[in-house]
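# starting from these lines, generate the structure:
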Amino acid sequence: DDRFQQLVEFGRVNRHFRVPNPDNAEGLSAGADQAAEAGRFFKYVQRIHTEYRAHRRGEPVTMLNEERITQLRNIGFEFSRGSGRIRRDATVPELDWSTRMQQMEAFLSEMGHLRVDPNYSMYSNLGGFAVQMSELHQNWQEGREYLPPDMLEKFNQLNSLGFRFDVFKSRRGERSWEDSFALLLQYRQQTGSCRVPHHYKADFRLGSWVAVQRKEYKLMVAGKPSRMTHEKVQRLESIGFEWVARRGE
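Okay, here's the model as predicted:
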């Protein structure tokens, strides 16, 4: 059918079948019709994975049968066998969802935001939970994880609170985004601008971080997977950050 041919073409062009969620490009330049079509295609691929898991469990499905599964395998399509569940982490207690939502609301009430530090251990390691949600959301956005409707509803609940799914663990020796932003503020106070040279001798990591922000912004504008968010864009622009580096920076 037409959708199958669209999938074949996607695989030919991209050399994979990880169709990204077009919602990741919300607010960008793509037209409404184009965005709607991209959304339908993404849901089509998600449904393939969902029905395949149901088929393996012996449950009735309406789109897939053995012939279609064979067709998909013949073009190199890889079926997701993931459960769509939150990955377990021994340091993050398993609590029921309503409790986690209450904890997020309490954090929001106390702090005025939901930029939870990944190392924040209060509320049963709320930082670890925020990391779990952000990683799961990112995998879903990039087409690597196919989630059931109840998990997507949980994403909606978090989003309605103001959670931006941008909390990730820092590698050893790596600063968090918040730490780097604070250092950029200090640099602005000292110099009057946010134009940190890429090879800033006083802090090489800050210069590299600024370059990465511009790179991630370009990816976001192009509708590609990116760790840049609209909130980060607003915060950077509020302090005079420029997205195009000047000559010599």
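
# so which residue is dead centre in this protein?
Gln138 (2.8 Å; C-alpha atoms, centre = their mean).

# touching, it and Phe155? I think so.
No - contact criterion C-beta atoms under 8 Å: Gln138 and Phe155 do not qualify, at 11.3 Å. C-beta: built from backbone N, CA, C; applies to glycine.

# re earlier: what's the helix or strand for the residue nearest to the centre of the chain?
Taking DSSP states H and E as the criterion, Gln138 maps to helix 122-141.

# how about the CA coordinates for that helix, as PDB?
Extracted in PDB, the C-alpha atoms of helix 122-141 (Å, rounded to 0.1, in the frame of the first residue of the first chain):
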ATOM      1  CA  MET A 122      15.000  14.000  47.700                       C
ATOM      2  CA  TYR A 123      11.500  12.600  47.000                       C
ATOM      3  CA  SER A 124      12.800   9.100  46.500                       C
ATOM      4  CA  ASN A 125      15.500  10.200  44.000                       C
ATOM      5  CA  LEU A 126      13.400  12.500  42.000                       C
ATOM      6  CA  GLY A 127      16.500  13.400  39.900                       C
ATOM      7  CA  GLY A 128      16.900   9.800  38.800                       C
ATOM      8  CA  PHE A 129      13.200   9.600  37.900                       C
ATOM      9  CA  ALA A 130      13.500  12.800  35.800                       C
ATOM     10  CA  VAL A 131      16.400  11.300  34.000                       C
ATOM     11  CA  GLN A 132      14.400   8.100  33.300                       C
ATOM     12  CA  MET A 133      11.500  10.100  31.900                       C
ATOM     13  CA  SER A 134      13.800  12.300  29.800                       C
ATOM     14  CA  GLU A 135      15.700   9.300  28.300                       C
ATOM     15  CA  LEU A 136      12.500   7.400  27.500                       C
ATOM     16  CA  HIS A 137      11.000  10.500  25.900                       C
ATOM     17  CA  GLN A 138      14.100  11.200  23.800                       C
ATOM     18  CA  ASN A 139      14.100   7.600  22.600                       C
ATOM     19  CA  TRP A 140      10.400   7.900  21.700                       C
ATOM     20  CA  GLN A 141      11.000  11.300  19.900                       C
END
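
# which of the residues in the following helix or strand past that helix are buried?
Where DSSP H and E defines the elements, the next helix or strand beyond helix 122-141 is helix 149-161. Across helix 149-161, burial judged by 16 or more other C-beta atoms under 10 Å covers 151, 154-155, 158.

# list the contacts of helix 149-161.
84-85, 97, 101, 104-105, 108, 114, 133, 136-137, 140, 165 (C-beta atoms under 8 Å, 6 or more residues apart in numbering).

# I'd like to know which of the residues you listed are buried.
84, 104, 114, 133, 136-137, 140, 165.

# mind giving me CSV with the residues you listed and columns for pLDDT and distance to Arg175?
Shown next, in CSV, are those (pLDDT from 0 to 100; distance: C-beta to C-beta, whole Å):
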residue, pLDDT, distance to Arg175
Gly84, 51, 32
Met104, 95, 24
Leu114, 89, 20
Met133, 94, 21
Leu136, 89, 24
His137, 89, 22
Trp140, 83, 26
Phe165, 91, 20
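
# name the nearest of those relative to Val221.
Phe165 (18.7 Å; C-beta to C-beta).

# who touches the closest one in this structure?
Going by C-beta under 8 Å, 6+ apart, the list of residues near Phe165 reads 133-134, 137-138, 155, 158-159, 229.

# just the element for it, please.
Applying DSSP H and E, one finds Phe165 in no helix or strand.

# got the phi/psi numbers for it?
Main-chain dihedrals, Phe165, degrees, to the nearest 10: phi 60, psi 40.

# swap in Phe77?
phi -70, psi 130.

# skip the chain neighbours and tell me the closest residue to it.
Closest residue in space to Phe77, ignoring its immediate chain neighbours: Phe17 at 5.1 Å, by C-beta to C-beta, 6 or more residues apart in numbering.

# appreciated, that's everything.
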